[in-house]
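1. structural data only, the sequence is not supplied:
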């Protein structure tokens, strides 16, 4: 992992949750971090302070990844400040929850824009900054695209599309020395679970069906992302790593 030192990583949605855990994990390897956030500037600045305390350079950039112009501006800020990029983690997610019969077109479009479209547009911008040296792209997915979770149809569809885009990116970008993979988490104990109306019942169900007997943590996913960013995973390309404690085995 020492080879990661002095590289630059952009992580979308990294002021909290899995994104923040990933930022802190990569910072421990000496990687400078661009913290992207949507609204909570206070949390973003707090994360930047925590990152800087580890000895790396870190900045916060506000951008709504559901908006193409914001994505361009986000990467422009990375170029202006660091003039390079080595790692792009597409983590931000936003969308609607509820019965598939009640999801409207606006909510569905928002979910797709923040998920697979943001990955696609972000990868296009990241490739420009990677240059001839290449780089790494990691997308954060969910087992909700292969298992039906209550109220998760729009997000599940977005995650399925995201994993498909990962494969197509990998097929085309490998020749440019760019590795692309995804991490698909099971039930991860973060604020994201608050979007489920039946979160307490869901937690109990997932713990009961998971062989390892617990929910996942943001740090569990961050460790896998860090591995995929390292040269130790140099022969993993175009794959989705399912990290759910065995929950989808049953």
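-> Perfect, I can see it now. It should be emphasised that the depicted structure is a prediction, and the values quoted were computed from it without experimental measurement.
2. let's check: the centremost residue of the chain is which one?
-> The chain has residue 91 as the residue nearest its centroid, 2.1 Å off, counting by C-alpha atoms, centre = their mean.
3. that one reaches residue 16, doesn't it?
-> No - counting by C-beta atoms under 8 Å, residue 16 is not a contact partner of residue 91; they are 10.5 Å apart. Quick note: C-beta positions are derived from backbone N, CA and C, even for glycine.
4. spit out the contact partners of residue 189.
-> 203, 215, 216, 217, 218 (C-beta atoms under 8 Å, 6 or more residues apart in numbering).
5. spatially nearest residue to residue 60 (excluding sequence neighbours)?
-> Counting by C-beta to C-beta, 6 or more residues apart in numbering, residue 44 is the residue found nearest to residue 60 once chain neighbours are left out, at 4.1 Å.
6. how about the strands in this protein?
-> 8-11, 32-37, 58-62, 87-90, 135-142, 178-185, 240-243 (DSSP state E).
7. which residues of this protein score low on pLDDT?
-> 1-4, 192-197 (pLDDT under 70).
8. in it, which helix is the longest?
-> Secondary structure of the chain per DSSP state H: the longest helix is helix 153-173.
9. what sits up against it?
-> 90, 93, 95-97, 99-100, 103, 107-108, 111-112, 114-116, 119-120, 123, 127, 137, 139, 141-142, 144-146, 148-149, 178-182, 184, 237-238, 240.
10. so which of the strands of the chain is the most packed in?
-> Compared across the strands of the chain, strand 87-90 shows the largest average neighbour count, a mean of 30 (mean count of other C-beta atoms under 10 Å).
11. buried sites along the longest helix of the chain?
-> For helix 153-173, a neighbour-count test (16 or more other C-beta atoms under 10 Å) marks 153-163, 165-167, 169-170, 173 as buried.
12. residue 65: neighbour count?
-> A total of 25 residues lie near residue 65 under the criterion other C-beta atoms under 10 Å.
13. distance of it relative to residue 116?
-> For residue 65, the distance to residue 116 equals 11 Å [C-beta to C-beta, to the nearest Å].
14. residue 153 versus the residue lying farthest from the centre of the chain, what's the distance?
-> What lies farthest from the middle of the chain is residue 101; by C-alpha atoms, centre = their mean that is 28.0 Å. Residue 101 sits 9 Å away from residue 153, going by C-beta to C-beta.
15. how about residue 109?
-> 14 Å.
16. do residue 63 as well
-> 27 Å.
17. next one: residue 12
-> From residue 12 to residue 153 the distance is 23 Å (C-beta to C-beta).
18. pretty sure residue 239 sits against residue 182.
-> Yes - when contacts are counted by C-beta under 8 Å, residue 239 is listed as touching residue 182 (7.4 Å).
19. what does stretch 16-29 rub up against?
-> Under the contact criterion C-beta under 8 Å, 6+ apart, stretch 16-29 has outside partners 1-2, 4-5, 9, 11-14, 33, 35-36, 40, 43, 47, 50-51, 54, 56, 58, 87, 89, 91-92, 140, 185, 188, 190-192, 217-219, 221-223, 225-226, 229-230.
20. can you tell me which of these are buried?
-> 4, 9, 11-14, 33, 35-36, 43, 47, 51, 54, 56, 58, 87, 89, 91-92, 140, 185, 188, 190, 192, 218, 221-223, 225-226, 229-230.
21. just the angle between the longest helix of the chain and strand 135-142, please?
-> On the basis of axes from the mean of the first three to the mean of the last three C-alpha atoms, to 10 degrees, helix 153-173 is oriented at 160 degrees to strand 135-142.
22. now the residue nearest to the centre of the chain: phi and psi?
-> phi -120, psi -30 (degrees, to the nearest 10).
23. now do the contacts for residue 49.
-> Contacts of residue 49 by C-beta under 8 Å, 6+ apart: none found.
24. and for the one 3 residues further on?
-> If you count contacts by C-beta under 8 Å, 6+ apart, residue 52 has them with residue 58.
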